[in-house]
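S.K.: pasting a predicted model and its sequence here:
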Amino acid sequence: MTQTDLQADHIKLEDTRTTRRYFGKFSKITGYLTKVAATMEAEGRFSRHDIEALARYLVGLNWTFTALSHKYHFAGRYAHAGALTFDRRESGFPVYQELLEMANDAQQAARHLESQPSVAALKDQMVRVILAEQQIPTKLQYALSQRMYYEELARGDQFWARNDPQAVWIENVADRRRFLVHWAVYDSQVNLPTIYLMDVEDTGRVGLPKDERRWPEAQAHLMAQSVAHLKLVTIAKGFDEDFDDLHPIRLRRFHIGPMYSSAFTRQSGPLRDVLQAANAPVGEDWALVWTEEELKSARVENVKSGWFGTVERQIFALDPFEGGGAESGATRMERSLIMPERPYQALAERNPPGFRDVRKFVVSRNGRVLSYR
């Protein structure tokens, strides 16, 4: 893709009302994500450990948008407020650079907070300006929004560009420890949050999170492989071959997005037409894609290692309906749509090809989540 193409796909939100509508929309969307995950847990698709890991990233994503909404609250109204850049064609989410800048700001949040007046002091100054000068205290309002931005960053636990692997002990089986290793990235190629869950059996002498040699190496390996274009089987095989006593028996990847919106995005395809036909009110003209890829180990083979030793290697089950699995690189893949009621009604009426087998999670204004096939 050329630089011109990227500039056409990435757009700045320089209008105050539009910026606040954008963040208002995502505030609703990210709030619904944990409810969708809870629905899947109730169906038995996720374990307690799975849902705890997923919820951490989904809630963190909500906090990321909360922080950015403070940062750009006065976009278009104040000269130094800046403007959010988002990917209007591929993802509908902020561009990767926005999260890098946010991470840099988080490193300096304490220093900024020390040098700024408190929230109470800023509000007191605003009241005095309104009463004494009978003016809108725009500069003070902007200062307050930045104060709230840095306070949000100081609280931490946002979804960052890199969310390094963590290991959660699940159980011991014979001489093996089983861990759930989870991590997440904001993929720079597609500008989408991506979450990874990997079930690992550990036959090392020291448990993986406490192993001062293997754990840093495993973390670095997984982060280096966390890119959207790599197939799950490539990631899992590479990990299996690099660590003789770590055995990945299951790997899942969750792509959160793209987000489609008739007001903000320029994607092509049936979903765009559905949203236009729905003519939904402000805040309900959207649809979010949730994609889950899963790779499972089918069996184990012992292969020769060195002169006399052998090591376990996983043989992964690939989808038999996708060219022998070579195309997808996964055991299965499932796409779901999360959308408000009005767009769902338009989708059901139009019934475009390719969407009949896509699961739909329909969210209502009162927060209920209904599932349809």
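M.R.: In hand now; what should we look at?
S.K.: pairing partners for the longest strand belonging to the chain, with directions?
M.R.: Secondary structure of the chain read by DSSP state E shows that its longest strand is strand 286-305. Strand 286-305 sits in its sheet next to strand 246-261 (antiparallel), strand 309-317 (antiparallel), strand 332-340 (antiparallel), going by DSSP bridges.
S.K.: what residues of the longest one count as buried?
M.R.: The neighbour-count criterion (16 or more other C-beta atoms under 10 Å) identifies 246-261 as the buried residues of strand 246-261. The C-beta positions use only the backbone N, C-alpha and C, and glycine is treated the same way.
S.K.: so which of those residues comes closest to Y344?
M.R.: Y260 (12.9 Å; C-beta to C-beta).
S.K.: thought D273 was touching that closest one, still the case?
M.R.: No: the criterion here is C-beta atoms under 8 Å, and Y260 misses it with D273 at 10.5 Å.
S.K.: make CSV out of the strands paired with strand 286-305 and add distance to A38 and mean pLDDT.
M.R.: Converted to CSV, those look like this (distance: least, C-beta to C-beta, whole Å; pLDDT from 0 to 100):
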stretch, distance to A38, mean pLDDT
strand 246-261, 15, 96
strand 309-317, 28, 87
strand 332-340, 13, 94
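S.K.: any chance of those strands in CSV, with distance to I136 too?
M.R.: Output for these, formatted as CSV (distance: least, C-beta to C-beta, whole Å):
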stretch, distance to I136
strand 246-261, 31
strand 309-317, 62
strand 332-340, 34
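S.K.: report the two of the buried residues of strand 246-261 separated the most.
M.R.: Farthest apart among these - using C-beta to C-beta - are H247 and S261, which lie 42.6 Å from each other.
S.K.: residues contacting L275?
M.R.: If a contact means C-beta atoms under 8 Å, 6 or more residues apart in numbering, then L275 has Y260, S261, S262, D285, W286, A287, P343, A346 as its contacts.
S.K.: now do 6 Å
M.R.: Contacts of L275 were listed using C-beta atoms under 6 Å, 6 or more residues apart in numbering, and they are S262, D285, P343.
S.K.: spell out, range by range, the helices that occur in this structure.
M.R.: 3-9, 16-42, 48-71, 96-107, 109-115, 119-133, 138-155, 214-224, 232-242, 270-278, 341-350 (DSSP state H).
S.K.: of the ones you listed, which approaches Y186 most closely?
M.R.: That would be helix 96-107 among the helices of the chain, by C-beta to C-beta, at 5.0 Å.
S.K.: just the buried positions in that closest one, please.
M.R.: Y96, E98, L99, E101, M102, D105, A106.
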